[in-house]
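S.K.: Got a sequence here, can you build the structure:
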Amino acid sequence: MTPESHSLTGDSPAGTDGPRPGPPPGCPAHGLGPGGLSRLHESDDLKKLYERLRAEHGPVAPALLHDDVPVWVVLGHAESQQMLRTPGQYCRDTRIWGPLREGLVKPDFPLMPHIAWQPICAFAEGDEHKRLRGALDSAVATIDFRTLRRHINRSVQRVVNAFCEDGEADLVSQYAEHLPMAVMCQILGMPEEYNDRIVEAARDMIKGTETAIASNAYIVEVLDRLTVRSRAEPQNDFAGHLVTHPAGLTDDEVREHLRLVLIAAYETTANLLSNVLRQVLIDPRFRAQLNGGQMTVPEAVEQLLWDEPPFSTILGYFAKQDTELGGQRIRKGDGLLFAPAPANVDPRVRPDPTADMQGNRSHLAFGGGPHECPGQDIGRVIAEVGVDALLMRLPDVELSIHEDELYYTESIASRHLVALPVHFTPRPQQDVMQRPTHENDAPVQQDWHIGAARPGTVRETAPAAAPAPVLEPPVPQPVPVPLPPPVAEQGPPRNTWQRFLRWWRGY
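M.R.: So this is what the prediction gives:
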């Protein structure tokens, strides 16, 4: 096969042939379009499809989107890096996409919410990208991660308080989909807007349902109020730093960048948190490594960024000129799918897809180049603290169904765990200002020394004539001395390691 065998423009099957009736489900050719190209949106298992495309075409493969719109899928790790890091050859400005310019992409194209051009940094390049991205990066840089960890811990308490007394929960719909939104509302400067409605609206607009437009309108309305309020009285929060940045963003630019950050960070972190919790619950070895200290929670998060990146593919990148990538001839105006999921298991960089990747951050879960995710560390810390605090609060949490019964909703863009039902010992609600702990209803350990009672025991005191024990006043007759009542907070850390953990967790 020559590199030009599957040109996506000019003599491309989708460029000249009209849609053809596809074979029935179950047929070996089901899911194939003109020229025998695979329709990505009809695949029941994109992971298997990507591996088949890699075997047939190499690291860059031709495929079809909805309405048989042609696209290249970049499957190779090195080829993805090349595309991401050469803005002179590839950009994210959808206005140069050949099928869009030629009318093949209709206004009702199902992926239009992902590709519709907007005046935001994700679609800009050159000086305009520097201006918009500079404002965004500056706002991110103002985030104090110690304070952020404190907010996350408190948000964990609020979210878990909603179901901790029930003894059962769905950790996707009741936890992983709520915690990131609660934290992002705090970061952006609108904690009062966090509620079930904004969570449902964000999920709905990402799914692309019939009510997605109305859900998007609600999100925009919320962010409009935040923009107006921040413009009138800027606060020391994300929105306040955007409106006061020297780049001089307009209200529309502020609102759209707030929307970009909110939705991208929410979907990414919700998927990441769900996937880490699933792995902890289904893999005893994985959980034992966490409990035994052989693996830290940040290392567990990084492993899942390799195995289950929050976004499977991102549409899209577009060729600014005729070029070559992965042995394929790419023509000016061709669209390319950046695919972190298959790129992370490229056999050339990861011969064993089950290999332990702890400590290795060369995955592509957050992209790369000029458009690399600016808030990736926010997502990481929400997932890290979210997993750690939940396991501290509910240490005996177990999966309620067999792991084979777990299932995902899959689209070209992402693979989302539908539900993660669990059970645990019911526990009382906990003060949101208190550190996450499953021992909040037990007495704290007391320091002891020779001559004093061991913590947790009842001490018999001496008669009145006998000398009093150290730190205990004499009593007239031998009676049991009750243990001290439980207290909400432990004393200050007494060694370097305890002080470090207290600082790391934001206390």
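S.K.: now Asp377, nearest residue through space, not along the chain?
M.R.: Distance criterion C-beta to C-beta, 6 or more residues apart in numbering; nearest residue to Asp377, sequence neighbours excluded, is Phe145 at 7.5 Å. C-beta coordinates here come from the backbone N, C-alpha and C atoms, glycine included.
S.K.: neighbours of that neighbour, just the number please.
M.R.: A total of 13 residues lie near Phe145 under the criterion other C-beta atoms under 10 Å.
S.K.: go on, Val69?
M.R.: Burial of Val69, expressed as a neighbour count using other C-beta under 10 Å, amounts to 23.
S.K.: ok, now Glu299?
M.R.: Using other C-beta under 10 Å as the criterion, Glu299 is surrounded by 17 other residues.
S.K.: So what touches the helix or strand containing it?
M.R.: Assigned by DSSP states H and E, Glu299 belongs to helix 297-307. For helix 297-307, the external contacting residues (C-beta atoms under 8 Å, 6 or more residues apart in numbering) are 272, 275-276, 279-280, 286, 289-290, 295, 344, 350, 356-361, 363, 365-366, 380, 383-384, 387-388.
S.K.: now the strands: where do they sit in this protein?
M.R.: When secondary structure is read from DSSP state E, the chain shows strands at 60-64, 70-74, 90-91, 168-170, 314-319, 323-325, 328-330, 335-338, 398-399, 408-410, 415-417, 421-423.
S.K.: can I get the ones you listed in TSV with mean neighbour count and mean pLDDT?
M.R.: TSV is the format used below for the strands of the chain (neighbours: other C-beta atoms under 10 Å; pLDDT from 0 to 100):
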stretch	mean neighbour count	mean pLDDT
strand 60-64	25	97
strand 70-74	26	97
strand 90-91	22	96
strand 168-170	17	97
strand 314-319	23	90
strand 323-325	17	97
strand 328-330	23	97
strand 335-338	24	96
strand 398-399	14	96
strand 408-410	14	85
strand 415-417	20	88
strand 421-423	18	97
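S.K.: Could you export the ones you listed to a markdown table, including columns for distance to Asp204?
M.R.: Supplementary listing: these in a markdown table, determined by distance: least, C-beta to C-beta, whole Å:
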| stretch | distance to Asp204 |
| --- | --- |
| strand 60-64 | 27 |
| strand 70-74 | 26 |
| strand 90-91 | 30 |
| strand 168-170 | 18 |
| strand 314-319 | 20 |
| strand 323-325 | 36 |
| strand 328-330 | 36 |
| strand 335-338 | 24 |
| strand 398-399 | 27 |
| strand 408-410 | 13 |
| strand 415-417 | 13 |
| strand 421-423 | 22 |
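S.K.: Out of these, the one nearest Ala122 is which?
M.R.: strand 314-319 (9.8 Å; C-beta to C-beta).
S.K.: how distant is the closest one from the center of its chain?
M.R.: Taking the mean C-alpha point of strand 314-319 and that of its whole chain, the gap between them comes to 21 Å (C-alpha atoms, centre = their mean, to the nearest Å).
S.K.: Ile120 is nearest to which of the strands of the chain?
M.R.: In this view, the strands of the chain are compared for proximity to Ile120 by C-beta to C-beta, and strand 90-91 is the closest at 13.9 Å.
S.K.: ok, of the contacts of helix 297-307, which come out buried?
M.R.: Members of those that pass the buried threshold by neighbour count (16 or more other C-beta atoms under 10 Å) are listed as 272, 275-276, 279-280, 286, 289-290, 295, 344, 350, 357, 363, 365-366, 380, 383-384, 387-388.
S.K.: Just the residues you listed: which are in helices?
M.R.: 272, 275-276, 279-280, 286, 289-290, 380, 383-384, 387-388 (DSSP state H).
S.K.: Which single one of those residues is nearest to Lys48?
M.R.: When those are ranked by distance to Lys48 (C-beta to C-beta), Asn275 comes first, at 18.9 Å.
S.K.: Just the pLDDT at that closest one, thanks.
M.R.: The pLDDT attached to Asn275 in the predicted structure is 92.
S.K.: Quick check: it touching Leu417?
M.R.: Yes. Shown here, Asn275 and Leu417 form a contact pair, counting by C-beta atoms under 8 Å, at 6.7 Å.
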